[in-house]
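In: Using only what follows, build the 3D model:
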Amino acid sequence: MEACNAYYYATRDPLGTAGDFTTAPEISQMFGEIVGAALADCWARAGRPADTSYVELGPGRGTLAADALRVLRTVGLNPSVHLVETSPILREAQARLISDARWHDCIEDLPTGGPLLVVANEFFDALPIRQVVVGIERRVQAAAGGLAFDRDGEVVELSPVRSEVMTQLARNLVNQGGAALIIDYGHERTAPGDTLQAVRRHRFAHVLEAPGEQDLTSHVDFEALGAAARSAGATVTQVVQQGPWLERLGIMARARQLAAATPTRTEEIEAARARFCRPDQMGSLFKVMAVTAPGWPTPAGLTG
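Out: Sure, this is the predicted structure:
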């Protein structure tokens, strides 16, 4: 999975109608604006520290960052921008939107000065997993001219890499201050199940077909991520569904504002809002969790 995704992302822009999938920031500016508003509010309640940096993990084309930064600047925060991205093609796209960004290959390279406002939207789902069947790790083998799994049965998924990344991120927050918003599809509690999936040309595909030519992801185990963050001394919020979170933060009001400003786009704007929020679309499968430094305020919409 790691080898396939490393090649996949290094050799193409996978987003949009011409690519393989579309993420929330590419659907509407509302998504990034709400994220930016949540971070701006958290920063203000933390005392408006002047040396704060904006960090995004796996920032796609930079669309979310551009929308969030526009909101952050309206409240007086003009942070340095740090993007953790390894794809040269996506770095070029990000540079067209955020000319003053600095790029990093890994979290360990991030600045070690002031507080961090971090966004990880659909980042953890693409990190590699391991699957275990009846206590034995499931592997891929050559078979009949193709690839096949070496065993079937009830699957338990583990992701040491996700836990390592979260632990490092939490350490940075604990040492420097700040908050991270984790937005991804997955489950609130650890549970067995095979969630590995491949997407190509906006359709699901067999996960072992065309290695390196399709996006491989799996559902994020938010309970495991939270445990990793807590082990590093960070504070972790409850996990909430994306739809209710966006609604609590005012996406309905923002949709009305945009529709009033551009009446010809009213139907498009409402369709985007519904896609983000409805339970039968992205609203319930996608979850939101925040990780904060001790003493930092909880981002809005994540207290029950």
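In: From the chain's centroid, how far away is stretch 8-19?
Out: Distance of stretch 8-19 from its chain centroid, counting by C-alpha atoms, centre = their mean, to the nearest Å, is 17 Å.
In: any idea of the mean pLDDT for it?
Out: For stretch 8-19, the mean pLDDT works out to 91.
In: again, but for stretch 220-237
Out: Average pLDDT, stretch 220-237: 98.
In: what's the host helix or strand of Y185 packed up against?
Out: Assigned by DSSP states H and E, Y185 falls within strand 178-187. Applying 3 or more C-beta pairs under 8 Å, 6 or more residues apart in numbering; DSSP states H and E, we find strand 178-187 packed against helix 29-45, strand 116-121, helix 160-176, strand 220-221, helix 222-231, strand 286-292. For every residue, glycine as well, the C-beta is placed using N, CA and C.
In: Can you verify my assumption that A40 contacts L77?
Out: Yes: using C-beta atoms under 8 Å, A40 makes contact with L77 at a distance of 6.6 Å.
In: Find the residues that touch each one of those two.
Out: Shared contacts of A40 and L77, defined by C-beta atoms under 8 Å, 6 or more residues apart in numbering, are absent.
In: Show the contacting residues for V132.
Out: Contacts for V132 (C-beta under 8 Å, 6+ apart) come out as R138, V155, V156, E157, L158.
In: hey, what's the second one bridged with?
Out: What that stands for is V155. Counting by DSSP bridges, V155 forms beta bridges with V133.
In: how many other residues sit next to it?
Out: 18 (other C-beta atoms under 10 Å).
In: With R45 instead?
Out: Number of residues near R45 (other C-beta under 10 Å) recorded here: 13.
In: Format the contacts of V132 as a markdown table; extra columns: distance to I251.
Out: Listed next are those as a markdown table, based on distance: C-beta to C-beta, whole Å:
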| residue | distance to I251 |
| --- | --- |
| R138 | 40 |
| V155 | 35 |
| V156 | 36 |
| E157 | 31 |
| L158 | 34 |
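In: In ChimeraX, how would I select the buried members of those residues?
Out: Selection of buried members from the contacts of V132 for ChimeraX, criterion 16 or more other C-beta atoms under 10 Å:
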select :138,155,156,157
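In: For A148, state which of the contacts of V132 is nearest.
Out: Nearest to A148, judged by C-beta to C-beta, of these is R138 at 10.8 Å.
In: Quick one: the helices in the stretch 51-200 of the chain, in order.
Out: For the stretch 51-200 of the chain, the helices defined by DSSP state H, counting those that start in this stretch cover 63-74, 88-97, 160-176.
In: Compare those helices and report which one is nearest to D20.
Out: helix 88-97 (13.4 Å).
In: Now tell me what touches that closest one from outside.
Out: Here helix 88-97 makes contact (C-beta under 8 Å, 6+ apart) with 9-13, 59-63, 65-66, 83, 85, 101, 103.
In: pull the CA atoms of that helix into CSV?
Out: Provided in CSV are the C-alpha atoms of helix 88-97 (Å, rounded to 0.1, in the frame of the first residue of the first chain):
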residue,chain,number,x,y,z
PRO,A,88,6.1,17.2,-6.9
ILE,A,89,3.0,17.5,-9.1
LEU,A,90,0.8,18.5,-6.2
ARG,A,91,3.5,20.9,-4.9
GLU,A,92,3.3,22.7,-8.2
ALA,A,93,-0.5,23.1,-7.9
GLN,A,94,-0.2,24.2,-4.3
ALA,A,95,2.4,26.9,-5.2
ARG,A,96,0.0,28.4,-7.7
LEU,A,97,-2.4,29.1,-4.9
